[in-house]
Each structure stands twice: as structure tokens, then as C-alpha cells.
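Asks: model the structure of this input:
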Amino acid sequence: MVVDRYIARSVITGCLLASFVILSIFAFVDFVSQLKDVGKGDYGTLQAAIYVFLGLVQRLYELSPSILLLGGILSLGAMAASSELIVMRASGISTMRITRSVLQIGLFIAILVAALGEYVVPSASRFAKTYRAEAMEEKLIVGGNNDIWVRDGNRYVNVKQILPDHGLRHVRVYELNDKRQLNSIIYAEKAQYRNEEWVLDNIKRSEISDAGVKTSFEKQLILKRLIILELFSVLELKSKDMSATELLTYSQYLQDNNLDNDKYLLEFWIKIFTPLTCLAMLLIAMPIVFSTTPRSGGIGQRIILAVLIGVIYFVINRSINHLGLALHVAPILSASVPLVMVMIISTYFMRRVH
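Replies: Down below sits the predicted model:
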């Protein structure tokens, strides 16, 4: 339908404008915060700018509900202020029909947001962190999204995965002799830092000499040095940077080892509900839009209102999330309560629209 396409084009244009404005502000703030590290190793102004640019993917995902709220109010508010919505309603198109058109394009955007959080954000976050770490730390070599190489004298350590609990997965240690020839290869299924030493489990050791390769297996190996702990602060993926699949897998791993997994389960449910929150934010924008008239005020008032609602939602959402963790409330409940509140409030005000 022509009206659906027109509304969809207006909402998308408003969301793109809101994205540009909001991300520009955060990009400037993030860039300023990186200036203190400029000059460390090869980390210069250009590298800082690239790191900030890569981090905007995460920002876009985190701020997507607020962006949809602001974009919806900007685009549809402009239509209401120019009497376009009044003309539509006068021609027999009901408020529910207009709302349905808005939610249709909102559903499409929500699917894109879900795909962004599941596939793009984790890869971009890994690449950004490893790019920054490689520029600042000369001993670090990065060979892919999850492939980390660390050099320590004649030893090269390859780590396929770094976990938030200072655990390593699929570790290979290559040792060279004084002639720079490969002397031995140690493979460990996992490694953990405990009591100021590295404990490697399920070891396969290959000793290389002129006589050939001698392979042996061990249950455990203890090393005083493996990789420097400072690398965790720059390479470790935070829970918000992980995909929903990774969060669920890691929370299951923690549960199997009798460790607290509420934080990661909470982040998992937040990721599940984020696309739905985008739809809820569009829905809550509708009563504001329908109450807008050519005489109800300019665009500035609508922007201030959208920002105010976004800030209030952010504060309430984070407060409920952290309170839920502190009180050991079920993570699915802590993550869903803010969304349910928004849905109830928006439905209430939608019923008051005539």
C-alpha cells in the first residue's frame, strides 16, 4: 500500500538521522577518552579513530531502542505537524491502521537489530580490541577474530579463545632453540591462571629433534609464564560484546562448574528482548505523535521529550537489571520487566488516542 511505503520511508529516514546525531556525539566522547593512550606503541590518532569507528557498531546496537524512539518521533512528528496524519485519518485511515504500518517497518528494523547483535557486534568488538591491543603491545600478533598470538623471547603462544574468567581455550606453545628452529610444540585443551601460575589441562607435547618427532600426553602441566595478564584487560570480551549463542554456552559452562552465571544469563535475555524493546519504543512514540498538531510546538520540544523518555528508560532498565542481580532474581524476569512496563504504558496511552 502507498501509505505503508510512505510511512516506512519516513520512519527509516528519521532513524537514520537519529543514528547519525546520537552516534556522532558518542564517537566524539569515545575519541576524546582514547587520546590518553595515544603514543603508546604504534597507537596514534589514526588508530584511535579507527578503534572508535569500529566501536560504533556496539553503540548502535546498545542505543537502538532510543534511536527508534527518537527517529519515530522525529519522522512521524513532522508528518503530524504538517497535518499529513490528520489528512490520513480524515480519509478513513484509522490510528490503529497507521500504528500497524509503523510497527511493520519497526519489526523489519528489529530483525536487523537482532542480526546486528548476534553476528556483527561480537566480530566488530573482537576486531576492535585486538586491533587496539596489537598497536599498543609489540609482543602481540593478531591473526583473526579469535586467533591471538603472543611472543615471549623464543616462545610463541597461540590462543584460540579467551574467556572472561581468565581462562584460555585451545592453547599452543611453540618453542624455538637458539638457532630459531622449532624445538617443541605443546597443545593444551584449556588453561587457567591460578595462584600466580598457569595450569594447562589435557596436554599433547611434541618434541622435535634431528631424530624425529616424539609425542607424549599429560593430564596437566604447570607454567609460571604463558601470557601477560594485562592482555586480558584489552582482549577480554565483556558480556555485552558476546552473541546470544556465546552467552548461553558460557553461562551453561559456568553452571556445569558450579559458578555464578546470573550475569551472563541476564545479558542473554537482554539481547533476546532488545529487538522487542525497539518495537515497544516505536509504540510508545505513537501517542506522542498523534497528540502533535501544527500548533503544538516545534521539533525542539519533541526532541527533548524523546531524549527525556530515553534517559528515564535507560536509568530504570539498568536499575532493575542490577537490582535483580543483587537480589538473585531470575534473569529472565529482570530483563523483561522494563519491556513489560513500556508495553503497558504505551498501550494505556494509545487507548486514550481518539
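
Asks: any weak-confidence spans in the stretch 1-150 of the chain?
Replies: Counting by pLDDT under 70, the stretch 1-150 of the chain has low-confidence residues at 137-147.

Asks: the strands in it, which residues?
Replies: Remark: strands assigned in the stretch 1-150 of the chain by DSSP state E, counting those that start in this stretch are 140-142, 148-152.

Asks: distance of the residue nearest to residue 186 when sequence neighbours are not counted relative to residue 200?
Replies: Distances taken as Cβ to Cβ, 6 or more residues apart in numbering place residue 173 nearest to residue 186, at 4.2 Å, with adjacent residues excluded. All C-beta atoms are positioned from the backbone trio N, CA, C, and that covers glycine. The gap separating residue 173 from residue 200 is 8 Å, by Cβ to Cβ, to the nearest Å.

Asks: overlap in contacts, these two.
Replies: Residues touching both residue 173 and residue 200 (Cβ atoms under 8 Å, 6 or more residues apart in numbering): 186, 188, 223, 226.

Asks: what about these, which are in helices?
Replies: In helices, judged by DSSP state H, none of the shared contacts of residue 173 and residue 200 are found.

Asks: out of these, which end up buried?
Replies: Buried members of the shared contacts of residue 173 and residue 200, counted by 16 or more other Cβ atoms under 10 Å: 186, 188, 223, 226.

Asks: can you verify my assumption that the second one contacts residue 198?
Replies: No: under the criterion of Cβ atoms under 8 Å, residue 188 is not in contact with residue 198, lying 9.0 Å apart.

Asks: which parts of stretch 196-203 are buried?
Replies: Using 16+ other Cβ under 10 Å as the burial criterion, the residues of stretch 196-203 that qualify are 198-200, 203.

Asks: so what touches that stretch?
Replies: Contact partners of stretch 196-203, identified using Cβ under 8 Å, 6+ apart, comprise 171, 186-193, 217-226.

Asks: now, of those residues, which are buried?
Replies: Neighbour-count burial (16+ other Cβ under 10 Å) applied to the contacts of stretch 196-203 gives 171, 186-188, 191, 193, 221, 223, 226.

Asks: what's the farthest-apart pair in those residues?
Replies: Greatest spatial distance among the buried ones among the contacts of stretch 196-203 (Cβ to Cβ): 187 and 193, at 18.3 Å.

Asks: who does the strand or helix carrying residue 168 pair up with?
Replies: In this structure, residue 168 sits in strand 167-176 according to DSSP states H and E. Take DSSP bridges as the rule and strand 167-176 pairs in its sheet with strand 155-163 (antiparallel), strand 182-194 (antiparallel).

Asks: walk me through the domains of this structure.
Replies: Structural domains annotated on the chain: 2-136+253-351, 140-227, as defined by automatic domain parsing.

Asks: just name the most buried of these.
Replies: Across the domains of the chain, averaging neighbours per residue (mean count of other Cβ atoms under 10 Å) puts domain 2-136+253-351 on top, at a mean of 17.

Asks: next, work out how far apart the closest residue to residue 89 other than its chain neighbours and residue 184 are.
Replies: Leaving aside its chain neighbours, residue 89 sits nearest to residue 95 (6.7 Å; criterion: Cβ to Cβ, 6+ apart). With distances taken as Cβ to Cβ, residue 95 is found 73 Å from residue 184.

Asks: again, but for residue 217
Replies: Residue 217 sits 14 Å away from residue 184, going by Cβ to Cβ.

Asks: same check on residue 196?
Replies: Residue 196 sits 24 Å away from residue 184, going by Cβ to Cβ.

Asks: can you report how many residues neighbour the closest residue to residue 118 other than its chain neighbours?
Replies: Excluding the flanking residues, the one nearest residue 118 by Cβ to Cβ, 6+ apart is residue 243, at 4.9 Å. Residue 243 sits with 19 neighbouring residues when counted by other Cβ atoms under 10 Å.

Asks: residue 243 and residue 124: what is the separation?
Replies: The gap separating residue 243 from residue 124 is 11 Å, by Cβ to Cβ.

Asks: circling back to that earlier point, doesn't residue 122 make contact with the residue nearest to residue 118?
Replies: Yes: contact between residue 243 and residue 122 holds when scored by Cβ under 8 Å: they sit 4.7 Å apart.

Asks: could you say what helices and strands the top helix by length along the chain packs with?
Replies: Selection of the longest helix in the chain by residue count, based on DSSP H, yields helix 2-34. Secondary-structure packing of helix 2-34 (3 or more Cβ pairs under 8 Å, 6 or more residues apart in numbering; DSSP states H and E): helix 45-62, helix 64-81, helix 95-115.
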